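A.B. asks: structure for this input, please:
(chains A and B)
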Amino acid sequence: MKNNSIVLIAVSIMFLSFNLSADELGNIGNENYLSQMARGGAGLLQTPTARMSKEGSFYINYNDINEYRFWSASLQLFPWMESTVRYTDVRTQLYSPFEGFSGNQTLKDKGIDVKFRLLEESYYIPELSVGFMDIGGTGFFSSEFIAASKGFGPFDFHLGLGTGYLGAGGNVSSPFCKLTDSFCDRPRGLRGEGGKIDYNEFFKGPTSIFGGVEYQTPIENLILKLEYDGNDYLNDRAGELVQDNKWNFGAVYKWNNFDLSLNYQRGNTVGFGVSYHFNMHTIRQVQFASKPREIISSEPAKSMEELDRNRLYNDISREGAFVINATHQDGEQMTFYGTQIGYRDFDIATERVGRIIASELPDSIKKYRLVETIAHTPLVETEINADEFKRAARYEYLDADIKSTYVRRDPSASTLENYRPTKLSGPILSAEAFWIQTFGSPEDFYLYQGGAFVNTGYVFNPNYSFRAGVKVTLVENFDKFRFLVDGEESTLPRVRTQIREYVTRSNVTLENAYLHWFDRIAPNVYAQAYGGYLETMFGGVGTEIIYRPVDSSISFGVDLNYVQQRDFDSETAFFDYKAFTGHASVYWRPEFLPDMQLSISAGQFLAKDKGVNVDFAKRFDSGIIVGAYAAFTNVSAAEYGEGSFTKGFYISIPFDLFSFSPAKGRGRIPWVPIGRDGGQMLQKPVNLKDMTEARSPFYN
Amino acid sequence: MTLSLMSISYSRILITLIVVLWSNTGNTRVEIGLDGKTYTYASNPRLSDVLSPIANSKDWYWTGTAIYQLEDKSVYAAQTKVINSLAMLGQQNTTNKADYQLIIDKIKGFHLAKRIGMDVDFEQARFNPRYNPSFEQGKYLINLQTRPDKLFVTGAVKKDLELNYLNNTCFSEYLNDISKLEIASKDHVYVIQPNGNIQSIGIAYWNEECNLVMPGSQIYFPIEENILFDDVSTVNQSIAKLLSNRILSSEK
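C.D. replies: Reported below is the predicted structural model:
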C-alpha cells in the first residue's frame, strides 16, 4: 500500500511554472498550433489527425459534449508515439441498474489510445500516422485509423480512414474487406473481461473517411476547426444520437498553458473543453540557492593543523547539502563520508561540495573523496583530482570542464576500511505524507484517502535495525464504500482484492514492523534480510540480493520471501493463507532507447501464479519519469477476472519541481485501472534497487 | 524586397585580436594583435585583461564575439571529412555533380578555426569569474566587431551572398533574392547565429513562419534530404557545425 500511496496530487501539476523556449514556437503544422480532440490526443473534434506534439508534451483535458464528459491525459512519449488515457462519463446511462450498488451515479468507462507516426511531413509527403483507440477498456470508442496531415501556410489539412467508432457511419466500402472477407464484419459488444488488446477486431467492419481543416486565424492564438465526421452515432454507448449534419465546427483559443475550446457538433450540439499543457522535458521550477562558491580568491588553510574543521563541515552541509557522517585523512588524501540531501544532479552536487573543500583544505591535499553512504554503508565514491579541480574551478583555461576532474567508482578497500562513523546506533523517526485515490468506483467517481506514515524504529548497528510504520488517516471519503468484497468468489487466492477491508479498518493502522539486516557483501553486491509485518496485507520473512556495478546500464537482483496473509480485522493476526513468492530481476537501460529503463522480474507471485512482470520507465529532462508495467502469469484471463491481466501506470515527479529550494526525493502517482489477485508482487518494506539508486541513478 | 532600399546605419568595424602565448625559458608570454598592433603579456592573462584596452573604444557586438584556438587542427579534419562526403554524394548523383562540386569549392574557401564554445562579454568577464577564464599557452584569435548589418548566405545556392540586414523582418522576406541550386532543400535552412548557435527554420509552403534571425547570422541552404536515408542530413548538419567555426572577417 505504501508504494501505492500518492504523495502528490495530480492537480498540483497544474501549478508548476515553466517557460516555453522560443524554438517551441511553430507554424500551423507545428506543435504550438496543435490542439486536442474531444477524447484527448492531437486531433480535430471527434477525429484524430496524424499530428504529433513535441516529445515530452503533456496535456490534461476536460471536454463536455452534452451526453458525454471526457477527462483525459495525453503524453507524447517519443517523437513518434502519442499515448492517451481517458475516463468517460456517459450522462444518459447509469453506472449499473442496481441502485444499492452504484446509486444514481452515471456510467463511467476508461480507455487508452496510442498513435504512431509512420512518416514525417516534407515538401511532397504528408505526415502519416496510424492509431488505435480505446484499446485497454471495454471498447466504447474502440477504433483504428490511418491519418494524413499536410500544412499549407495557415491551413492544416487532415484526411483519415477509420474503422470501429470512427468508421461507424460506413461512408466508404472497406478496402480491408476487399482484401479478405474476415475484415467485413466487426465483432460487437463487450469483449471478454475487458482490458485486453483485441487484435482480432482491428480494422474490421464499417469504414469511413473523415478529416477536416484547421486554420490559424490572423488573431494570434485563435484556431478554427472544420471537421467531417465518419460516425453516424446510431449505435452509440449513450444511446442513438441524432446527427443533423456530418460537419462539426470548433474554435480553440490558446491562452498561456491553456487551450479553451468551443464547438458545435452533429448540427445540434454545443460542446466545450479546456486543456492544460506543459512539456516534461523543459518544465523547470525557479530555485533560490546560493551560487557555487568561487575559489579564485579563497585562502585555504596552510596545513591540516590550521584547518577550521567545524567551518568546513558546516559549510559542506549547509551550502553543499552533503551531510557528513565521517571523515578520514591520510597523507595527501581526504575522504568525506555522508549523504547528499539537496541536489539531485550529481555533477551540480559534486561541483558545489568540491568548491567548498578546495577553498578550505590545504594545497598539500591532492585527492578529495566524496563517499555517498546509506544506512552507514558506502555506496559509491567520487575521487576528485584536487589540482585539476582547482584549475577548472578557477577557470585557468578556456572552456573549463570540472566534470573531467573526477571519477565515480565502487568504494575501494581502503575507503571501506577507513569508514568509522561516530554514531552507529540510536532511534529513528520520520514521517511522510500519503494520498491514495481511485477513479471510477461504483459509489463515487473519485474516492480518496490521505494522511501520514509515521516511521520509527531503532538502529542497533550499521547492519541491524528494527523499523515500524504506522499509517494515520486524516482525510478520506472511503466511508462511501457501500460494500466490502470479502465474500466475492474468485478462483485465485484473495491476495489483493480485499483491499477495501484493509484500508477501512481504522484510522490508525500498523503498516509494517520488522527486523532488518543490510550490508555490502562483496564488490558491487548488496544484500538485505527482513522479518515481521512487511506490508499492509502480508507478513513473513524474506531476503534480497542485488548486483549493481557503478554507472552500469544493467544490474541484477533476486528476492525470496515466505509470507502469510494478515487478517484485515486485526493489527497483529494472520489468515491461514501462506505463500512462497520471489523473483529474479534484471534492470536494463538499453543504449538504443535513451533515458529508458526496462525492469523484468520473473518468478512466483503472491497468488502462487508464475510469470513475469515487465516495467518500462521513461525519464524526461525535467526528471519526471513516466512508466507502465504489466504482469503476465499462468492465470488465464477468465480466472483473472475483469481487466484480464495486471497492468498499471505511474508518474514519478521530483520534489524540486515544486520547491523553490533544491530538494531530493520524489512523489509517485500511480494509476492502476483495475487491481486483481493475479500477477501481484509483495511490496517489500525496503527495496534494494531503491536503496542503491545512487550507484547508477535513474530516479535522481 | 529591394536590396537598394535598405538603409543600414550601423557602421561595421572588424577588429581582430590575436593572442599568442608561448613558454619562453620557463616564463609564459602573451602577445595580442589588435588592429595590426601587437601587445605582449608576461603571464597568462584573464579574458578581461585582454579585452580591457579596447573594450570601451567602440560599441562592440559582444553576441558575435568569438575566441578561436588557432593551434587546434580538428576543424580542418572535419572540413576534409565533409568535403569527402560531398564528393561521394556528387558521384552518386552524376546529373548534379557540378552542384556538389560548387559547394565543395565554397567549403574549401572557408577560413576556419576551432571556436571556443563560450560567451565573450567584457562586462560579464569583469563581474563573473565564470566568464573570465585565463588563456593557456597557445595561439588564439578574438574576433570583435560592431553590430553587423549583413546576413551571409552560403550552401546550395548559385552564388554566396551578403544580404543587407533588415530589422524586424521575417527571414522569408529575403528568399526572393536567393537563387538556390537544384539540389537545395525546398523545406528548410540552417541559421548559424553569430554566437555559434545553430537552428533549423522552415522555408516551404507547409512549414514557413515568421522567423527573425540575428544580424551577422550565416544562412546555410542545405542539400535536399531523403526521408529514408539520413546520410545527407548528417552532411548538412556537419556543414552547419563547420560554419560555426568560420572566421568571416578574415575572408575579406
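A.B. asks: all contacts plus neighbour counts: C-alpha atoms, from now on.
C.D. replies: OK.
A.B. asks: can you list the buried residues in stretch A:658-669?
C.D. replies: Within stretch A:658-669, the residues scored as buried using 16 or more other Cα atoms under 10 Å in any protein chain shown are A:658, A:661-663, A:666-669.
A.B. asks: so how far is the first residue of it from its last?
C.D. replies: End-to-end span of stretch A:658-669 (Cα to Cα, to the nearest Å): 15 Å.
A.B. asks: what mean pLDDT does it have?
C.D. replies: Averaged across stretch A:658-669, pLDDT comes to 85.
A.B. asks: can you map out the helices along the chain?
C.D. replies: Just going to use chain A. Secondary structure of chain A (DSSP state H): helices at A:99-102, A:175-179, A:309-318, A:346-360, A:386-393, A:413-417, A:499-504, A:637-640, A:688-691.
A.B. asks: um, chain B though
C.D. replies: For chain B, the helices defined by DSSP H occupy B:47-51, B:74-92, B:97-109, B:122-127, B:231-243.
A.B. asks: of the ones you listed, give the one that comes closest to chain A.
C.D. replies: helix B:47-51 (9.2 Å; Cα to the nearest Cα).
A.B. asks: what is the rounded mean pLDDT of the closest one?
C.D. replies: 91.
A.B. asks: ok now that helix, how far from the chain's centre?
C.D. replies: A distance of 22 Å separates the C-alpha centroid of helix B:47-51 from that of its chain, computed with Cα atoms, centre = their mean, to the nearest Å.
A.B. asks: ok, that helix near chain A or not?
C.D. replies: No: under the criterion of Cα under 8 Å from any Cα of the partner chain, chain A is not reached by helix B:47-51; the shortest gap measures 9.2 Å.
A.B. asks: could you tell me how many residues sit around the residue nearest to B:Asp59 when sequence neighbours are not counted?
C.D. replies: Nearest non-adjacent residue to B:Asp59, counting by Cα to Cα, 6 or more residues apart in numbering or on different chains: B:Thr146, 6.1 Å away. Using other Cα atoms under 10 Å in any protein chain shown, the number of residues around B:Thr146 comes to 19.
A.B. asks: before we move on, what about B:Tyr190?
C.D. replies: Neighbours of B:Tyr190 (other Cα under 10 Å): 22.
A.B. asks: distance of the nearest residue in space to A:Ser585 that is not next to it in sequence from chain B?
C.D. replies: Of all residues not flanking A:Ser585 in the chain, A:Ser601 sits nearest, at 4.1 Å (Cα to Cα, 6+ apart). Remark: distance between A:Ser601 and chain B (Cα to the nearest Cα, to the nearest Å) = 37 Å.
A.B. asks: same thing with A:Phe660?
C.D. replies: Distance from A:Phe660 to chain B, counting by Cα to the nearest Cα: 24 Å.
A.B. asks: list the residues that contact that residue.
C.D. replies: A:285-288 (Cα atoms under 8 Å, 6 or more residues apart in numbering or on different chains).
A.B. asks: compare those residues and tell me which has the most neighbours.
C.D. replies: Counting neighbours by other Cα under 10 Å, A:Gln285 leads the contacts of A:Phe660 with 18 neighbours.
A.B. asks: report how many residues lie close to the residue nearest to that residue when sequence neighbours are not counted.
C.D. replies: For A:Gln285, ignoring the flanking residues on the chain, the nearest one in space by Cα to Cα, 6+ apart is A:Leu657 at 5.2 Å. Around A:Leu657 there are 23 other residues, counting by other Cα under 10 Å.
A.B. asks: I figured A:Leu657 was touching A:Arg284, is that so?
C.D. replies: Yes: judged on Cα atoms under 8 Å, A:Leu657 makes contact with A:Arg284 at a distance of 6.4 Å.
A.B. asks: tell me which residues touch the nearest residue to A:Ala468 once chain neighbours are set aside, please.
C.D. replies: Once flanking residues are discounted, A:Ala468 sits nearest to A:Ala513: 3.9 Å by Cα to Cα, 6+ apart. Neighbour list for A:Ala513: A:466-469, A:532-534 [criterion: Cα under 8 Å, 6+ apart].
A.B. asks: domain-wise, how is chain B divided?
C.D. replies: According to automatic domain parsing, chain B is divided into the following domains: B:3-71+B:115-145, B:74-112+B:148-251.
A.B. asks: mean pLDDT lowest for which of those?
C.D. replies: domain B:3-71+B:115-145 - the lowest mean pLDDT of those, at a mean of 73.
A.B. asks: quick one: the helices of chain B as a markdown table, columns for mean neighbour count too.
C.D. replies: Listed next are these as a markdown table, based on neighbours: other Cα atoms under 10 Å in any protein chain shown:
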| stretch | mean neighbour count |
| --- | --- |
| helix B:47-51 | 20 |
| helix B:74-92 | 16 |
| helix B:97-109 | 17 |
| helix B:122-127 | 16 |
| helix B:231-243 | 19 |
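A.B. asks: rebuild the ones you listed as JSON lines, extending it with distance to A:Ser696.
C.D. replies: Converted to JSON lines, those look like this (distance: least, Cα to Cα, whole Å):
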{"stretch": "helix B:47-51", "distance to A:Ser696": "38"}
{"stretch": "helix B:74-92", "distance to A:Ser696": "33"}
{"stretch": "helix B:97-109", "distance to A:Ser696": "44"}
{"stretch": "helix B:122-127", "distance to A:Ser696": "37"}
{"stretch": "helix B:231-243", "distance to A:Ser696": "32"}
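A.B. asks: buried residues, stretch A:571-591. List them.
C.D. replies: Buried-residue list, stretch A:571-591, by 16+ other Cα under 10 Å: A:571, A:574, A:578-589.
A.B. asks: ok, so of those residues, who is nearest chain B?
C.D. replies: Of the buried residues of stretch A:571-591, the one sitting nearest to chain B (Cα to the nearest Cα) turns out to be A:Arg589, at 25.3 Å.
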